[in-house]
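Return a 3D structure for these sequence lines:
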Amino acid sequence: MKKTTQQLITIANTFAINDKIVSAEPFGNGHINDTYKVTTDKGEDKYILQRINHQIFTDVDTLQKNIHIVTTHIRKKLEEQNATAIDRKVLTFFPTKDGQLYFHDNDSYWRICLLIPESKSYEEVTPELSYEAGRAFGDFQSMLADIPEGMLGDTIPNFHNMEFRLQQFRDAVHADSAGRVATIKPLIEAIEQRAKAMCIQEELYREGKLKKRVNHCDTKVNNILFDKSGKVLCVIDLDTVMPGFVLSDIGDFIRTGANTGAEDDTNLDNVGVNIPIFEAYTRGYMETAQSFLTPLEISLLPYGGRLLTYMQTVRFLTDYINGDTYYKIHYPEHNLVRTQAQFKLLQSLEEHAEQMDGFMQQWL
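Got it, this is the predicted structure:
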């Protein structure tokens, strides 16, 4: 239900902030949560109010606890470093006046944080920005590396669990609810041929060789705020911060940032891995993350790119087989086109695997 400006002001005033709120207007272009810029009676754009999409984030309590633990931990680390302008280097969320981490109005869930002024984000991906993004996400993980395992919960259970995604895929193939399986058998076979090799991280975890760490799980350039001079301020969009494997975070950046084409490119000749982007991101990441990574994790980082691209191929094809019930589509074959584009990227990553794996040797 859409809220009036007055209703938004009333919601903002349930939080423990020391300002008089006079307006709240839609802000940004996010696709998940509804975001509003909140202005005070002094004419200052000071807060960001968000309606949490609880259709996607069904466990709002765990979501907000995770964010509280992570931002509090980073703030403490920055204080220990005697950092300046800390409110610009970590998101600052406010509890409600009765001490809760979010407000529920019997319809929606809400939270509020400080707006970081004179900041900007980028959509384009260049080697220079990739290097800065690598440093930022590596530093983010490094500051959170000493959070004890078990302290954070799963915001979206099995989000990057390849075994789980393959089971969903096989269930979809078996059900064939939209009658599409017969037309895509070569893709199904290609996925199954790679299945065992793409479940390495779960196997290594069970063997005690790979540990779960605090991951961002949405490592895109536009989830970093920069100041006007182009210097990194902080990592944002913390909804998917949860326990996982480091392969996920570098892998998702490779999948999205180091793709020469679009995620749903209809011209597969456009699609391939951009090696300079991969190398720039990895170099920046290793500068800030090497201190807590094991040799096994370092050696597997390029594999993370193949894994996350394979995982997204599986997820798009699963949705296509199910009749397009999860991802929004703009035309009937959209999920199939996405699948084919992701699979082409995966093939490119496989072709460059020896080169990318070799790039990691300088840190081993």
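
Mind pulling up the pLDDT for the residue nearest the centre of the chain?
Taking C-alpha atoms, centre = their mean, the centroid of the chain lies closest to Asp218, which sits 1.0 Å from it. pLDDT recorded at Asp218 is 90.

residue ranges of the helices in the stretch 201-350 of the chain, please?
With helices called from DSSP state H, counting those that start in this stretch, the stretch 201-350 of the chain shows them at 246-257, 275-289, 295-321, 334-351.

Can you redo those helices as CSV, where the extra columns are mean neighbour count?
All C-beta atoms are positioned from the backbone trio N, CA, C, and that covers glycine. Listed next are the helices of the stretch 201-350 of the chain as CSV, based on neighbours: other C-beta atoms under 10 Å:
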stretch, mean neighbour count
helix 246-257, 26
helix 275-289, 21
helix 295-321, 23
helix 334-351, 22
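
Can you add distance to Tyr327 and give those back as TSV?
Putting the helices of the stretch 201-350 of the chain into TSV (distance: least, C-beta to C-beta, whole Å) gives the following:
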stretch	distance to Tyr327
helix 246-257	15
helix 275-289	25
helix 295-321	5
helix 334-351	6
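
Phe169 is nearest to which of those?
For Phe169, the closest of the helices of the stretch 201-350 of the chain is helix 295-321, at 4.6 Å, according to C-beta to C-beta.

quick check: angle from that closest one to helix 334-351?
Here helix 295-321 runs at 150 degrees with respect to helix 334-351, directions being taken by axes from the mean of the first three to the mean of the last three C-alpha atoms, to 10 degrees.

circling back to that earlier point, which residues does the residue nearest to the centre of the chain contact?
Residues near Asp218 by C-beta atoms under 8 Å, 6 or more residues apart in numbering: 237, 239-240, 252.

low-confidence ranges in the protein?
30-31 (pLDDT under 70).

Swap in 80 and give it another go.
1, 28-32 (pLDDT under 80).

Would you map the strands across it?
21-26, 34-40, 45-52, 103-104, 109-114, 119-120, 213-215, 224-227, 232-235, 242-244 (DSSP state E).

from the ones you listed, which stretch is densest packed?
strand 213-215 (a mean of 24; mean count of other C-beta atoms under 10 Å).

which other helices and strands contact that one?
With contacts defined as 3 or more C-beta pairs under 8 Å, 6 or more residues apart in numbering; DSSP states H and E, strand 213-215 has these neighbours: helix 127-144, strand 242-244, helix 246-257.

Each with direction, which strands does the shortest one pair with?
Strand partners for strand 242-244, identified by DSSP bridges, are recorded as strand 213-215 (antiparallel).

how far out from the middle of the chain is the strand it pairs with?
12 Å (C-alpha atoms, centre = their mean, to the nearest Å).

repeat for stretch 131-150
Mean-position distance between stretch 131-150 and its chain equals 13 Å (C-alpha atoms, centre = their mean).

got the buried residues for that stretch?
For stretch 131-150, a neighbour-count test (16 or more other C-beta atoms under 10 Å) marks 131-144 as buried.

which residues sit against it?
Contact partners of stretch 131-150, identified using C-beta under 8 Å, 6+ apart, comprise 69-70, 73-74, 77, 211-216, 219, 221, 224, 226, 230, 232, 234-235, 243, 246, 249, 253, 257, 280-289, 291-292.

right, and out of the buried residues of stretch 131-150, which lies closest to Ile116?
Nearest to Ile116 among those: Ala136, at 14.0 Å, using C-beta to C-beta.

Reformat the buried residues of stretch 131-150 as JSON lines; add distance to Thr58.
Below are these laid out as JSON lines (distance: C-beta to C-beta, whole Å):
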{"residue": "Tyr131", "distance to Thr58": "36"}
{"residue": "Glu132", "distance to Thr58": "34"}
{"residue": "Ala133", "distance to Thr58": "29"}
{"residue": "Gly134", "distance to Thr58": "32"}
{"residue": "Arg135", "distance to Thr58": "33"}
{"residue": "Ala136", "distance to Thr58": "29"}
{"residue": "Phe137", "distance to Thr58": "26"}
{"residue": "Gly138", "distance to Thr58": "30"}
{"residue": "Asp139", "distance to Thr58": "30"}
{"residue": "Phe140", "distance to Thr58": "25"}
{"residue": "Gln141", "distance to Thr58": "26"}
{"residue": "Ser142", "distance to Thr58": "30"}
{"residue": "Met143", "distance to Thr58": "28"}
{"residue": "Leu144", "distance to Thr58": "24"}
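
Can you tell me how far Asp171 is from Gly150?
Computed as C-beta to C-beta, to the nearest Å, the Asp171 to Gly150 distance reads 30 Å.

for Leu293, same thing?
Relative to Gly150, Leu293 is positioned 21 Å away (C-beta to C-beta).

With Ala197 instead?
Going from Ala197 to Gly150 by C-beta to C-beta gives 29 Å.
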